Structures are given as structure tokens and as C-alpha cells.
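> Show me the folded form of this:
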Amino acid sequence: MGSVFSYLLTHSNLGTSSSTEPSLGDLPEGCVASILVHLGPQEICRLALLNRAFRGASSADFVWESKLPSNYDSVIERLFDEFPSNFSKKDIYARLSRPNSFDGGTKKVWLDKSTGRVCLSISSKGLAITGIDDRRYWNHIPTEESRFCTVAYLQQIWWFEVDGEVEFPFPAGSL
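The predicted structure is shown next:
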């Protein structure tokens, strides 16, 4: 059965594309990149698998720069001591999409892959919590379910106060 199918493909126009029939691979990368700017990061990555033109267009810096926060350079300065200057915008987006620790590992920040918004998570050690070091009231439980590998468990207390400050270069209008 397979040999019959391959015979039909080689002796008919089904298996070969005529040079007069355009295909998606014939689109210029610039045109494809102009379309990809309007899509989300996940769709861009899926379309990069389509063909060579889409793969090349999906690596264009202006496509990924549109997905980065407007102040991504100050975010990079805050998170990393040394960041390679030769990274493409796609590489920068990929690096910022993973949780990145700062302030001694008490805070993590990342870009949400579907919205592109900056997300921040603060551990209990990154906050000033009344009596947090008093073993009569609080336990620090190690767990792999937490981003910070431990959680603060309150056993009993009549009142407590949580205080903290975050100094981080969030994009304008994002709070």
C-alpha cells in the first residue's frame, strides 16, 4: 500500500509543488515578523516550527522587544550583576520569563508568559512579621511546594503585623 501511494505522488502533481503556486514559505521574513508582533509569545514559538521563514521572523529583535516591559533594561540591571550584552531580545525574554531571585533570595520576579506582565513573589523572610522568630508561635517548614523552599506556619497568636517594602523598577502604569 505504501509503494502505491509513493508511486502516485511521484507521477502526479500531488507530491510536487508548482513554482507558480505560492506557499507560506514564500512570504518575506519581514512581512511574517510584522504579523508576529501582534501575537503572544506562545503563538510565536508555535509558528516558528512552521517553516524557515517563520523561524527566522520569530527571532527578530523587534518582535520580542514588543513583548518585553518598557523598562526591561532597568529590570535587568536590578536582577543581574553581569548580563551578557550580546543577548538577543528573544534570549532576554526567555531569561526574564523564568523566576529570578534578588534581595538575597527573599524575592523573585518573572514575566508572565501569556500576558507579559511583571510578577513578583516575596518570601516570609523578605517581610517584617511580628514574632516570626519566636518558636512558640511560628514554625519554618521546608517544602518543595514553595518558591522559596520554606513556608512560615503560624501555630497560635493573638495578633500579628506584617510590614514590608519593595523597591523594584516596575513598568509605568503596571500597579
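> what's the distance between F62 and Q42?
Noted for F62: a distance of 19 Å to Q42, by CB to CB, to the nearest Å. Any C-beta I mention is one placed from the backbone N, CA and C, and that applies to glycine too.
> typed the wrong thing, it's L127
Per CB to CB, L127 is found 33 Å from Q42.
> P171 now?
For P171, the distance to Q42 - CB to CB - is 21 Å.
> what do you get for L154?
Distance from L154 to Q42, counting by CB to CB: 38 Å.
> And these two? Which one has more around it.
For L154 versus Q42, neighbours defined as other CB atoms under 10 Å are more numerous around L154 (13 against 10).
> show me the contacts for the more buried one.
The contact partners of L154, taken as CB atoms under 8 Å, 6 or more residues apart in numbering, are 137-138, 160.
> Now it. Its backbone dihedrals?
Phi and psi for L154, reported as degrees, to the nearest 10, are phi -90, psi 120.
> just S101 next, same as before
Backbone torsions for S101, taken as degrees, to the nearest 10, come to phi -80, psi 150.
> Give me the three-state assignment for the nearest residue to it once chain neighbours are set aside.
Once flanking residues are discounted, S101 sits nearest to K108: 5.3 Å by CB to CB, 6 or more residues apart in numbering. Three-state call for K108 (DSSP: H, G, I helix; E, B strand; the rest coil): strand.
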